[in-house]
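Visitor: Show me how the following folds:
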Amino acid sequence: MTGELHQQKGKETTLDNLIEGFQLISFDWRYLYVNDAVVKHSKYTKEELLGYTMMEKYPGIEQTPMFDLLKICMKERISDFFENEFTYPDNSKGWFELRIQPVPEGLFVLSIDITDRKKAEEKRTEYVNGLEEMLFMTSHRVRQPIAQIIGMSNLLELQKTTQDDLRKITGYMKQSLRSLDVFTKELTEFMNNLQERLNK
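Guide: Numbers count the residues shown, from 1 in each chain. Okay, the predicted model is just below:
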């Protein structure tokens, strides 16, 4: 008997020290076992979780798509895997990869914190969207002044261009160049703002 207890204690110690979250949920949705990773993810102590239901610890969780999936796994005794954005009682958020397995006690849930990966994906998406917006701005804001400059330079090649025409052409070219200068400054500011958002 002592050997069995020692062996069981050894298994619990091994599970407790893994970086993945392990939790055992009963048929009435009570936490039967949670390892240290789940405690860290949950923002509760082990004592504050064990014996309590998921609904007691996370009011409103029963209204979430994640809980709907847990109910299906619990009722139909099937396994599943999905990614879930979880909102804590303090309104902070985290992303977790969940693997659910039916066991005689209820459900065994393996959770991996993928918040950093999701944040990186969001930043990459924001960066790509920013580049697309920049390209759109460039194509629309640069095309017109460049077309005007080309048109004015073509007029300069005409032999019948008068001194008055030259003054007008020079004035139009200056306007186009000023437009390009303003856009260049706006584009620099846009890229700096995008970089600041990505660095947060």
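Visitor: Mind splitting the chain into its structural domains?
Guide: With domains defined by automatic domain parsing, the chain comprises 2-113, 118-199.
Visitor: what's the single longest strand in the chain?
Guide: Across the chain, the longest stretch assigned as strand under DSSP state E is strand 93-103.
Visitor: follow-up on the earlier one: pick the most buried one from the domains of the chain.
Guide: domain 2-113 (a mean of 15; mean count of other CB atoms under 10 Å). Any C-beta I mention is one placed from the backbone N, CA and C, and that applies to glycine too.
Visitor: so what's the closest residue to Met54 other than its chain neighbours up against?
Guide: Nearest residue to Met54 in three dimensions, chain neighbours excluded: Trp29, at 4.9 Å (CB to CB, 6 or more residues apart in numbering). Going by CB atoms under 8 Å, 6 or more residues apart in numbering, Trp29 touches Thr53, Met54, Met55.
Visitor: Confidence-wise, which of the domains of the chain is weakest overall?
Guide: Note on these: domain 118-199 shows the lowest mean pLDDT, a mean of 78.
Visitor: Do a quick rundown of the strands in the chain.
Guide: Using DSSP E, the strands of the chain run over 21-26, 31-34, 80-87, 93-103, 106-113.
Visitor: and Asp181, how far is that from Leu155?
Guide: Asp181 sits 22 Å away from Leu155, going by CB to CB, to the nearest Å.
Visitor: measure Arg197 to Gly130 for me?
Guide: Per CB to CB, Arg197 is found 8 Å from Gly130.
Visitor: cool, and Trp95?
Guide: Distance from Trp95 to Gly130, by CB to CB: 22 Å.
Visitor: roughly how far apart are the most far-flung residue of the chain relative to its centre and Leu166?
Guide: Here the chain reaches farthest from its C-alpha mean at Lys160, the gap being 62.4 Å by CA atoms, centre = their mean. Distance of Lys160 to Leu166, computed by CB to CB: 12 Å.
Visitor: what's the lengthiest helix in the chain packed up against?
Guide: Ranked by number of residues, the top helix in the chain under DSSP state H is helix 115-156. Judged by 3 or more CB pairs under 8 Å, 6 or more residues apart in numbering; DSSP states H and E, helix 115-156 is in contact with strand 93-103, helix 163-199.
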